[in-house]
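Visitor: need a structure here:
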Amino acid sequence: MMRRLSLTTRLALAFGLVAAIVFGGAGAYLYRALAMQVIERDDAELLRKAARVRNELAEMDPGAAGAWREVASVVSGNDEFALVVHASDGTVLVSANTGKDAPPALMPLAADAPFDTASIHTWTTQQGYSAHGIKALLRTGAASTSAAASTSASAAAAAAASTATPAQTFTLYQTAISRTIMLRAYRAKLLLAGLLGTLSVAALGYLVVRAGMEPLRRIAAGASSVTVRRLALPVDPEQLPPELEELAAALQQMMDRLRDGFERLSQFSADLAHDFRTPISNLLGQSQVALASERSADEYQALLASNIEEYERLARMIENMLFLARAENARVAVKPARLDLARELGALSDYFEGLAEARGVVIAVDGGGAVQADPLLLRRAVSNLVANAIRYTPAGQTVVLAARSSPGGSSIEVRNPGAGIAPEHLAKLFDRFFRGDPARANSGESAGIGLAIVKSIMDLHHGSVEVESEVGGTTVFRLFFPAGIADSAPVRQYA
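Guide: Model (predicted):
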């Protein structure tokens, strides 16, 4: 498996790539600019020499001594320039610096046409050098059939062989050897400079990024030192760069949530063990006492009845815990239906009528409307609230079940007078096994998870549960079911 590159290496390579693109673009621009400038200079020199050749040939006296030598002197002193002059019959009159690289067949320019860059022909020699030249027609006052090799002949011999103004052509060209060598060397230097610049940028970028990654390494080292007993990031966010301050703060918040979760899990385990220990201790103690001596059938029957009560309490606790676990993982099937709130609350009032009478409490139903909710889950949530309200309502008082409907959803309120709930307990009221009254910690009436079940049911309906309480006044639990729950509720069966 190919090893993954580190972030520092990736950024360094990215810097190198960007540098290569920048240096390459700049080098290409500089090379092109220099090449164009040199070519323009050479073209200007070629045009100047071509005009001089034309003038020399137009004004020369072929019979004069050294006339052809004067024409050949135009390219003397520069081996890159070459000149060839032909007579009308193709005879070479002048050949200077032609060497081995003869020009290809070129289209001649008219005798009266001006010289400009459009009249310049370009080609590549056999040695790979760039060449450019001009071929032009001309008419002279007199001409000679003497060859270029005989430019040193006497004027009399040249005059004897002369004819009256024959047409001639001349070809002037330059083989840009020095220019090609210079541009090749310049290109090599640009490539070398670009390569060294790219490597330097990549290396410096690696060092800079590595130094910039130091705060990240500090965060990583701090995170690796986190343990169950030390859930805190030993890095001060204010000492980090602004870009990493938010990351460190988010990690610290995560640590706080983990610490809170571990504390709640530890408390949950302790509460669960405590709540299981009480009924199990009761079962064990009652059974040991019963077996210590002979008992009558009625005594054994009473023992079994007491044991059944403890078993039922354990069964309810296990069922509630299983429901909470499934609800938190959306594994409870929600089957919404349109329910009449007045009818549902009336049925629950009838169901709790016996318990309310036993405690001297009255249940009243107020309001109505309709709600989209799972019937069984709604009844379970409201039942838990009603049971709590009856448990904490003084005798002679009234528990009110109120319902309201609106376009945005429906709400159910359970109101009861009583001692109320302390403000510091409201935030933890829906936590598992939380009991605001320590005196009820061993109470068999409640396992402390009824309100946690209510919250889980409302979460399944994408709703909410709120509580308002005044110490020594009225406590109100409010359930809100949003409209359209039928379209958004999960439909998963028990697994």
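Visitor: so which helix or strand takes in residue 181?
Guide: According to DSSP states H and E, residue 181 maps onto helix 177-212.
Visitor: so how far is stretch 333-341 from its chain's centroid?
Guide: Stretch 333-341 sits 42 Å away from the centroid of its parent chain (CA atoms, centre = their mean, to the nearest Å).
Visitor: next: stretch 259-266.
Guide: Mean C-alpha position of stretch 259-266 versus that of the full chain (CA atoms, centre = their mean) differs by 33 Å.
Visitor: would you mark the buried spots in that stretch?
Guide: 259, 264 (16 or more other CB atoms under 10 Å). Heads up, the C-betas are built off the backbone N, CA and C, glycines and all.
Visitor: what mean pLDDT does that stretch have?
Guide: On average, the pLDDT along stretch 259-266 is 78.
Visitor: would you mind writing the CA trace of it as PDB?
Guide: In PDB, the C-alpha atoms belonging to stretch 259-266 read as follows (Å, rounded to 0.1, in the frame of the first residue of the first chain):
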ATOM      1  CA  ARG A 259     -16.500  14.400  30.500                       C
ATOM      2  CA  ASP A 260     -20.200  15.100  31.100                       C
ATOM      3  CA  GLY A 261     -21.100  11.900  29.300                       C
ATOM      4  CA  PHE A 262     -18.700   9.800  31.300                       C
ATOM      5  CA  GLU A 263     -20.000  11.400  34.500                       C
ATOM      6  CA  ARG A 264     -23.500  10.700  33.500                       C
ATOM      7  CA  LEU A 265     -22.700   7.200  32.500                       C
ATOM      8  CA  SER A 266     -20.900   6.600  35.800                       C
END
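Visitor: following the helix holding residue 181, which helix or strand comes up?
Guide: Moving toward the C-terminus from helix 177-212, the next helix or strand (DSSP H and E) is helix 214-224.
Visitor: what is the helix or strand just after that following helix packed up against?
Guide: The helix or strand immediately downstream of helix 214-224 is helix 242-291, counting by DSSP H and E. Judged by 3 or more CB pairs under 8 Å, 6 or more residues apart in numbering; DSSP states H and E, helix 242-291 is in contact with helix 214-224, helix 297-328.
Visitor: to residue 133, which of those helices lies closest?
Guide: helix 214-224 (65.1 Å; CB to CB).
Visitor: quick check: residue 313 touching residue 282?
Guide: No. Residue 313 lies out of contact with residue 282 (CB atoms under 8 Å); the separation is 9.2 Å.
Visitor: what residues does stretch 304-319 touch?
Guide: Identification of contacts with stretch 304-319 by CB atoms under 8 Å, 6 or more residues apart in numbering yields 275-276, 279-280, 282-283, 286-287, 444, 447, 449.
Visitor: off-centre distance for it?
Guide: A distance of 55 Å separates the centroid of the chain from that of stretch 304-319, by CA atoms, centre = their mean.
Visitor: per-domain residue ranges of the protein.
Guide: The chain resolves into domains spanning 8-183, 237-328, 337-488 when parsed by automatic domain parsing.
Visitor: could the ones you listed go into CSV alongside distance to residue 198?
Guide: Output for those, formatted as CSV (distance: least, CB to CB, whole Å):
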stretch, distance to residue 198
domain 8-183, 4
domain 237-328, 27
domain 337-488, 56
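Visitor: for these, which has the smallest mean pLDDT value?
Guide: For these, mean pLDDT drops lowest on domain 8-183, to a mean of 78.
Visitor: ok, then the element right after whatever helix or strand residue 68 lives in?
Guide: According to DSSP H and E, residue 68 maps onto helix 67-72. Toward the C-terminus, helix 67-72 is succeeded by strand 81-86 as the next helix or strand (DSSP H and E).
Visitor: buried residues in that next one, which are they?
Guide: For strand 81-86, the neighbour count (16+ other CB under 10 Å) marks 81-86 as buried.
Visitor: that one: partners in the sheet, and parallel or antiparallel?
Guide: When pairs are called by DSSP bridges, strand 81-86 turns out to pair with strand 92-96 (antiparallel), strand 167-175 (antiparallel).
Visitor: just say which of these is most tucked in.
Guide: For the strands paired with strand 81-86, the largest average neighbour count (mean count of other CB atoms under 10 Å) is found in strand 167-175, namely a mean of 23.
Visitor: and for residue 431, the neighbour number?
Guide: For residue 431, the count of nearby residues is 17 (other CB atoms under 10 Å).
Visitor: element containing the residue nearest to it when sequence neighbours are not counted?
Guide: Nearest non-adjacent residue to residue 431, counting by CB to CB, 6 or more residues apart in numbering: residue 452, 6.5 Å away. If you go by DSSP H and E, residue 452 is part of helix 450-460.
Visitor: other SSEs contacting that helix?
Guide: helix 297-328, helix 375-392, strand 464-469, strand 474-482.
Visitor: the helices in the stretch 1-150 of the chain, which residues?
Guide: Along the stretch 1-150 of the chain, counting by DSSP state H, counting those that start in this stretch, helices occupy 7-59, 67-72.
Visitor: so which elements touch the shortest one?
Guide: This means helix 67-72. If you count contacts as 3+ CB pairs under 8 Å, 6+ apart, helix 67-72 packs onto helix 7-59, strand 81-86, strand 92-96.
Visitor: ok, which of these comes nearest residue 413?
Guide: Closest approach to residue 413 among the helices and strands packed on helix 67-72 (CB to CB): helix 7-59, 55.3 Å.
Visitor: got the angle between that closest one and strand 92-96?
Guide: With axes from the mean of the first three to the mean of the last three CA atoms, to 10 degrees defining the directions, helix 7-59 sits at 140 degrees from strand 92-96.
Visitor: pull the distance from helix 7-59 to the chain's centre.
Guide: Mean-position distance between helix 7-59 and its chain equals 41 Å (CA atoms, centre = their mean).
Visitor: and stretch 356-372, by the same measure?
Guide: 55 Å.
Visitor: list the contacts of residue 8.
Guide: Residues in contact with residue 8, defined by CB under 8 Å, 6+ apart, are 206, 209-210, 213.
Visitor: returning to what we had before: tell me which residues are up against the helix holding residue 452.
Guide: By CB under 8 Å, 6+ apart, the residues outside helix 450-460 that reach it are 320, 323-324, 327-328, 330, 332, 334, 374, 377-378, 380-381, 384-385, 387-388, 429-432, 434, 464-465, 477, 479-481, 489-490.
Visitor: among these, the buried ones, what's the PyMOL command?
Guide: To isolate the buried members of these in PyMOL, using 16+ other CB under 10 Å:
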select buried, resi 320+323+324+327+332+334+374+377+378+380+381+384+385+387+388+429+430+431+432+434+465+477+479+480+481+489
